[in-house]
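> Predicted model, plus sequence, below.
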Amino acid sequence: MQTTNLIKQYYDAFNRQDMESFLDFLSDNVVHDINQGGCQKGKDAFSKFMKHMNHCYKEIAMDIVIMVNEDGSRAAAEFIIEGIYLATDQGLPEAKQQHYRLPVGAFFSIENNKISRVTNYYNMQDWLNQVTK
């Protein structure tokens, strides 16, 4: 299915840290719901968010399972994120190259073969517990 391939390619680009390709899978007016945070709109905002994330964290998505509705307009992915906390993020504990591993759920809306909404969920308390050991 086309949507399954879109989401797979999105995570493949993420794992390669190929931000140009990664961002090309998004619509210009993408809505990004940040885990336990706000909502950003537009590819430029998403690009700035990813630049910040890639500065503070090195992550790879593993064991990805993709689920798609019948018409391909919505999708979900469940995966494990493995990461290293590289640089202290504002309001969070000090970064000391801590390793972490978290289950994540992501939800997508698809329009014209582009991702028009991304919503990610993970357990922030679990992450905090792992980086403050």
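Received the coordinates, thanks.

> From now on I want contacts and neighbour counts done on CA atoms only, so please keep to that.
Fine.

> In contact with the residue nearest to Tyr11 when sequence neighbours are not counted, which residues are there?
What sits nearest to Tyr11 in space, not counting adjacent residues and going by CA to CA, 6 or more residues apart in numbering, is Ala61, at 7.0 Å. Residues in contact with Ala61 (CA atoms under 8 Å, 6 or more residues apart in numbering) are Tyr11, Phe14, Asn15, Phe79, Ile80, Ile81, Glu82.

> quick one: which of those residues is nearest Gly105?
The closest of the contacts of Ala61 to Gly105 turns out to be Phe79 (CA to CA; 6.7 Å).

> just to revisit the earlier point, now the residue nearest to Tyr11, what are its backbone angles?
When read as degrees, to the nearest 10, the backbone of Ala61 gives phi -90, psi 130.

> Please apply the same query to Ile64.
Main-chain dihedrals, Ile64, degrees, to the nearest 10: phi -80, psi 130.

> neighbours of the nearest residue in space to it that is not next to it in sequence, just the number please.
Leaving aside its chain neighbours, Ile64 sits nearest to Phe79 (4.4 Å; criterion: CA to CA, 6+ apart). By other CA atoms under 10 Å, the residues close to Phe79 number 17.

> State whether Ile66 is indeed within a strand.
Yes. Counting by DSSP: H, G, I helix; E, B strand; the rest coil, Ile66 is part of a strand.

> Give me the pLDDT for it.
What the model reports for Ile66 is a pLDDT of 98.

> just use 12 as the starting number from now, easier for me
Will do, 12 is the new start, and the previous item becomes Ile77.

> can you count the residues close to it?
So Ile77, with other CA under 10 Å, has 17 neighbours.

> distance of the residue nearest to it when sequence neighbours are not counted from Ser58?
Closest residue to Ile77 apart from its sequence neighbours, by CA to CA, 6+ apart: Ala88 at 4.4 Å. Applying CA to CA, to the nearest Å, the value for Ala88 to Ser58 is 21 Å.
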